[in-house]
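In: this one's sequence-less:
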Ligand code: G4P
């Protein structure tokens, strides 16, 4: 059995006997981690599992799994080669009396559309910063995705065991660059590089940590009173106390209301490598992240937690397992109790299917899910009718608001290299489109040479790699002149098409996109023809 899951047996141990969806939802905390590559997301994930008791005590297992993952899945080899993470994983582990669902997000900005979808399934995020680097470019991009989704976030300032910047300076940076008020929940004693412990601002207690060899076991902690701290920590203690007094006088205290509104972020200091401060962060997740609440429906109403089972798909991914070539739809449960094998209806097609193959996944490791509740994520194998944003339900039909597509900013025309492979090519393009791995836009060249639209150029690399390795259809990608897109409609199509430097292409779902050769030109058309429909899309021109 894979130790990283709360599997069927463990599940029952964590309270699976209670099958009231509202009660179970109240025990769930569903969140994602966002960070710039190398800030320590993998290490922190591993330590979460260590503290959650789900990983045995085998530090290094997450990395080992990563290695194994790319050995068994072909297109994930690309992740290994490029040192990026495209696929996401979902982990479940207990902390205190709660069950935490951790959704992994791709770190690279080129996949921020994917991050957006994952965040649609999370109730909060943890933003990890490197203490020496502060806010890095990808942190900023991913944070913007969070803001777009109005998702509250906690901040973990990592690598405090290494020389870095001052804690107050880092707070200033968060405030200035993110325009969010940082409200430290813990405050470090000892400068970056000489980390002694933290003062918990809620209780005022000082907790000192002890190092263990490469942090492979939980860091021993000792609560120390002020008198002893002053005697043993000397100037570090005085400085930390002064800073805490300053924060108090500025009213920088954790505030649930502004946190939930995304206006403030509780900050935790620590070191994932040595485990210092990790437990406090987990406590923060349990105490601050909201439990799943009734989900907004497309008609403006809300799906009650105890309504019959319903979930929505936030990610569809194929080729996760080379041996099986299966396609997995990840769904987040929104209401009711899921039981493996139950018959559900896919909203889009109206077709019913059995959920016999319901799994949780962590890279290549899978375990069957017997039951799930609001906030949980299930991977449904070969639920081929499902696309991102679709609802599935057991009894009362429902539909959730669609997940908006990002404005593509890079466009390439794609053709099959060897025409005898056209069938495979077409299948591959359809699959990539349905997964939302890339946007497929069609003009008069339709099927033979569609245009691929991407948020970031690395998506082309993945598409091309997958067409060749997964579908056996090597492709040729050639640049186009298009630079920017806006959503349009049928009424504006012909007039736009008649203009120079503009074309109108269609997505499979019927959405029409007007593509322009320059932003300048697009702005001119908008200014000169206010009667034409040219709508902005999510995350335009930045993410
Ligand atoms: P990522 O998933 O965000 O990309 O980061 P990852 O956890 O892989 O960490 C990137 C590097 O930073 C790793 O070093 C890791 O050991 C180190 N690291 C993570 N957290 C801490 C911390 O709290 N303190 C210190 N000092 N280092 C930390 P590496 O040399 O790339 O890998 P490894 O050889 O250590 O495994």
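Out: Everything's here; your move. All values reported here derive from a predicted model rather than from experimental measurement.
In: Show me which residues of this protein sit near the ligand.
Out: 35, 37-43, 158-159, 161-162, 271-273 (CB under 6 Å from any ligand atom). From N, CA and C alone the C-beta is placed, and that goes for glycine too.
In: Now the residue nearest in space to the middle of the chain: closest residue in space, sequence neighbours ignored.
Out: The centre of the chain sits closest to residue 105, judged by CA atoms, centre = their mean, with a distance of 3.5 Å. Using CB to CB, 6 or more residues apart in numbering and skipping residues adjacent in sequence, the residue nearest residue 105 is residue 115, 4.4 Å away.
In: so that neighbour sits in a helix?
Out: Yes - per DSSP: H, G, I helix; E, B strand; the rest coil, residue 115 lies within a helix segment.
In: and stretch 425-444, which residues are buried?
Out: Under the neighbour-count criterion of 16 or more other CB atoms under 10 Å, stretch 425-444 has 425-426, 428-429, 431-442 buried.
In: what's the first-to-last distance across it?
Out: With CA to CA, to the nearest Å applied, stretch 425-444 spans 18 Å between its terminal residues.
In: Closest to residue 476 out of the buried residues of stretch 425-444?
Out: Of all the buried residues of stretch 425-444, residue 476 sits closest to residue 425, with 10.5 Å by CB to CB.
In: now that closest one: how far from residue 318?
Out: Using CB to CB, to the nearest Å, we find residue 425 at a distance of 15 Å from residue 318.
In: Equivalent analysis for residue 420, please.
Out: Counting by CB to CB, the gap from residue 420 to residue 318 is 23 Å.
In: go on, residue 199?
Out: Taken as CB to CB, the span from residue 199 to residue 318 is 49 Å.
In: circling back to that earlier point, now for the residues of the chain next to the ligand: which two are most distant?
Out: With CB to CB as the measure, no two of the residues of the chain next to the ligand lie farther apart than 37 and 161, at 19.6 Å.
In: Tell me which of these two has more neighbours.
Out: residue 161 (23 against 15; other CB atoms under 10 Å).
In: mind checking which helix or strand the more buried one is in?
Out: Assigned by DSSP states H and E, residue 161 falls within no helix or strand.
In: these two touch, right, residue 122 and residue 31?
Out: Yes - with contact defined as CB atoms under 8 Å, residue 122 counts as touching residue 31 (5.3 Å).
In: what residues are shared contacts of these two?
Out: Listed as contacting both residue 122 and residue 31 by CB atoms under 8 Å, 6 or more residues apart in numbering are residue 103.
In: Of the two, which one has the most company?
Out: Using other CB under 10 Å, the more surrounded residue of residue 122 and residue 31 is residue 122, with 27 against 23.
In: May I have the phi/psi pair for the residue in the chain sticking out farthest from the centre?
Out: What lies farthest from the middle of the chain is residue 231; by CA atoms, centre = their mean that is 44.4 Å. Main-chain dihedrals, residue 231, degrees, to the nearest 10: phi -70, psi -40.
In: do the same with the one 10 residues further on
Out: Main-chain dihedrals, residue 241, degrees, to the nearest 10: phi -60, psi -40.
In: same thing with residue 502?
Out: phi -140, psi 140.
In: surely it meets residue 513?
Out: No - Residue 502 lies out of contact with residue 513 (CB under 8 Å); the separation is 10.8 Å.
In: Could you check which of the two is surrounded by more residues?
Out: Each of residue 502 and residue 513 has its neighbours counted (other CB under 10 Å); residue 513 has more, 23 against 20.
In: A helix includes that one, no?
Out: No - according to three-state DSSP, residue 513 belongs to no helix; its state is strand.
In: For it, give me its contacts.
Out: Residue 513 makes contact with 408, 441, 453, 485, 486, 487, 488, 504, 505, 506, 507 under the criterion CB under 8 Å, 6+ apart.
In: Where does the stretch 101-250 of the chain get nearest to the ligand, residue-wise?
Out: Residue of the stretch 101-250 of the chain nearest the ligand, by CB to the nearest ligand atom: residue 159 (3.9 Å).
In: The nearest residue to that residue once chain neighbours are set aside: neighbouring residues, count only.
Out: Distances taken as CB to CB, 6+ apart place residue 131 nearest to residue 159, at 4.8 Å, with adjacent residues excluded. Using other CB under 10 Å, residue 131 has 26 neighbouring residues.
In: worst-scoring helix or strand of the chain, pLDDT-wise?
Out: helix 61-72 (a mean of 41; mean pLDDT, DSSP states H and E).
In: And the helices in the stretch 1-150 of the chain?
Out: Here the stretch 1-150 of the chain has its helices, by DSSP state H, counting those that start in this stretch, at 8-11, 21-26, 41-52, 61-72, 76-82, 112-120, 137-148.
In: go on, the stretch 401-543 of the chain?
Out: With DSSP H, counting those that start in this stretch as the criterion, the stretch 401-543 of the chain has helices at 422-435, 458-469, 490-497, 519-528.
In: Give me whichever of these is most buried.
Out: Sort those by mean neighbour count, taking mean count of other CB atoms under 10 Å, and helix 458-469 sits at the top with a mean of 20.
In: domain parsing for this protein?
Out: Structurally, the chain divides into domains by automatic domain parsing as follows: 27-288, 295-393, 410-528.
In: so which of these gets nearest residue 19?
Out: Closest approach to residue 19 among those (CB to CB): domain 295-393, 5.5 Å.
In: Straight-line length of the closest one, end to end?
Out: Note: domain 295-393 ends 13 Å apart using CA to CA.
In: same check, this time on stretch 282-297
Out: End-to-end distance of stretch 282-297 (CA to CA): 31 Å.
In: How about stretch 340-351?
Out: Length of stretch 340-351, first residue to last, CA to CA: 18 Å.
In: how far does that stretch sit from the chain's center?
Out: 25 Å (CA atoms, centre = their mean, to the nearest Å).
In: likewise stretch 219-238?
Out: In terms of CA atoms, centre = their mean, the centre of stretch 219-238 is set 38 Å apart from its chain centre.
In: For that stretch, buried residues please.
Out: Judged by neighbour count using 16+ other CB under 10 Å, the buried positions of stretch 219-238 are 219, 221, 224, 229, 233, 236, 237.
In: With respect to residue 401, which of those residues is nearest?
Out: For these, the minimum distance to residue 401 (CB to CB) is 42.8 Å, reached by residue 219.
In: Setting aside sequence neighbours, what's the nearest residue to the closest one?
Out: Using CB to CB, 6+ apart and skipping the chain neighbours, the partner closest in space to residue 219 is residue 275 (3.8 Å).
In: again with residue 149
Out: Closest residue to residue 149 apart from its sequence neighbours, by CB to CB, 6+ apart: residue 119 at 4.9 Å.
In: Residue 104 is in contact with the one you found, correct?
Out: No - with contacts counted by CB under 8 Å, residue 119 stays clear of residue 104, the gap being 11.5 Å.
In: quick one, which of the two is more surrounded?
Out: The neighbour comparison of residue 119 against residue 104 (other CB under 10 Å) goes to residue 119, with 27 against 22.
In: State the distance from residue 309 to residue 342.
Out: Relative to residue 342, and taking CB to CB, residue 309 is found at 7 Å.
In: try residue 113
Out: Counting by CB to CB, the gap from residue 113 to residue 342 is 31 Å.
In: Neighbour count: those two, which is higher?
Out: More crowded of residue 113 and residue 342, by other CB under 10 Å: residue 113, with 27 against 16.
In: so what's the more buried one up against?
Out: Taking CB under 8 Å, 6+ apart, we find residue 113 in contact with 405, 406, 436, 455, 539.
In: and if you look at residue 297?
Out: Contacts of residue 297 by CB under 8 Å, 6+ apart are 303, 398, 399, 400, 401.
In: Going by neighbour count, which of the residues you listed comes out on top?
Out: Busiest of the contacts of residue 297 [other CB under 10 Å] is residue 303, holding 24 neighbours.
In: wait, it sits on residue 312?
Out: No - the criterion here is CB under 8 Å, and residue 303 misses it with residue 312 at 9.7 Å.
In: who touches both of those two?
Out: Taking CB under 8 Å, 6+ apart as the contact rule, residue 303 and residue 312 both touch 295, 334.
In: Cross-check the contact I'm expecting between residue 99 and residue 92.
Out: Yes - Residue 99 is within contact range of residue 92, at 6.4 Å (criterion: CB under 8 Å).
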